[in-house]
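[1] the sequence isn't on hand, but the structure is:
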């Protein structure tokens with residue numbers, strides 16, 4: 001898989017790239033790169049944004065700046081790049097990101113993430129240059145960099161070898177093994193702490209009982225989740 005992240009702050013992703021599971025994925029063939037909008041902006045002085053038409057506070061990343069960055073990276077018409085790779089823009093009003101979408105993206109050969117900043121990306125980026133507009137939740141953050149890291153993390157974890165052990169992702173939250181429910185509680189030593197004991201079943205060595213307990217705990221957590 002190839003992942004490119006377009007951003008005003010390429011160095012912010014150095015920390016992400018250094019995470020163990022990301023390194024495992026890179027060693028397994030993942031190509032992960034960042035591209036700076038300012039490096040190819042057609043505007044003078046490294047400008048990438050402008051005031052919004054219609055007035056209002058804040059600045060908007062210009063569509064011609066994103067266009068120039070895409071064409072410098074991939075060549076050809078920026079509007080046609082999404083024909084050959086999945087191009088994801090981030091906005092609070094986009095499609096809600098979930099485990100199903102993470103699995104869908106993990107099956108792609110090439111992903112491009114477009115990070116906005118300030119008031120976001122010009123709407124024509126969403127309409128013409130992006131394949132999808134994605135949100136990581138019903139709230140607002142300062143830019144697309146954190147959403148890009150969240151999505152990258154969830155996607156990379158699903159790549160073969162990223163977690164180091166093939167069984168590590170089998171019973172994660174929302175997995176098929178847990179019927180799509182949240183993950184069950186985890187405990188480790190000490191077995192007793194401040195009057196709270198580890199559930200007896202986990203100390204029993206009875207793997208069938210443990211499996212059933214974990215599945216029931218997952219179901220109970222799913223029932224308690226707000227709709």
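    Everything's here; your move. Remember, predicted model here, so these are calculated numbers, not experimental data.
[2] tally of neighbours for the nearest residue to residue 146 once chain neighbours are set aside?
    Of all residues not flanking residue 146 in the chain, residue 136 sits nearest, at 7.8 Å (C-beta to C-beta, 6 or more residues apart in numbering). The C-beta positions use only the backbone N, C-alpha and C, and glycine is treated the same way. When neighbours are defined as other C-beta atoms under 10 Å, residue 136 has 20 of them.
[3] surely residue 136 meets residue 147?
    Yes. Using C-beta atoms under 8 Å, residue 136 is in contact with residue 147, at 4.6 Å.
[4] quick check: neighbours shared by those two?
    90, 97 (C-beta atoms under 8 Å, 6 or more residues apart in numbering).
[5] now the strands for this protein?
    If DSSP state E is used as the criterion, the strands of the chain fall at 2-7, 31-36, 49-50, 60-61, 86-96, 110-114, 132-135, 192-193, 196-197.
[6] which helices and strands does the fourth one pack with?
    Contacting strand 60-61 under the criterion 3 or more C-beta pairs under 8 Å, 6 or more residues apart in numbering; DSSP states H and E are the following elements: strand 49-50.
[7] repeat that for the second one.
    The helices and strands touching strand 31-36, judged by 3+ C-beta pairs under 8 Å, 6+ apart, are strand 2-7, helix 13-17, helix 20-27, helix 63-74.
[8] export the ones you listed as CSV, with columns for mean pLDDT.
    Below are the helices and strands packed on strand 31-36 laid out as CSV (pLDDT from 0 to 100):
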stretch, mean pLDDT
strand 2-7, 98
helix 13-17, 96
helix 20-27, 96
helix 63-74, 98
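[9] which one of the ones you listed is the most hemmed in?
    Across the helices and strands packed on strand 31-36, the average number of neighbours (mean count of other C-beta atoms under 10 Å) peaks for strand 2-7, which reaches a mean of 23.
[10] how about residues contacting that strand?
    The contact list for strand 2-7 (C-beta under 8 Å, 6+ apart) reads 13, 30-37, 66, 69-70, 73, 85, 109-115, 144-145, 148, 152, 155.
[11] and the pLDDT at residue 171?
    pLDDT recorded at residue 171 is 63.
[12] and the one 5 residues further on, by the same measure?
    According to the prediction, residue 176 has pLDDT 71.
[13] where's the residue nearest to residue 146 relative to residue 95, distance?
    Going from residue 136 to residue 95 by C-beta to C-beta, to the nearest Å gives 10 Å.
[14] kindly report the same for residue 202.
    For residue 202, the distance to residue 95 - C-beta to C-beta - is 38 Å.
[15] of those two, give the one with the bigger neighbour count.
    For the pair residue 202 and residue 95, the greater number of neighbours falls to residue 202 (17 against 12), based on other C-beta under 10 Å.
[16] give the contact list for that one.
    Listed by C-beta under 8 Å, 6+ apart, the contact partners of residue 202 are 187, 210, 213.
[17] buried ones among these?
    Neighbour counting by 16 or more other C-beta atoms under 10 Å classes 210, 213 among the contacts of residue 202 as buried.
[18] circling back to that earlier point, got TSV for the helices and strands packed on strand 31-36, with distance to residue 44 too?
    Putting the helices and strands packed on strand 31-36 into TSV (distance: least, C-beta to C-beta, whole Å) gives the following:
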stretch	distance to residue 44
strand 2-7	20
helix 13-17	27
helix 20-27	36
helix 63-74	12
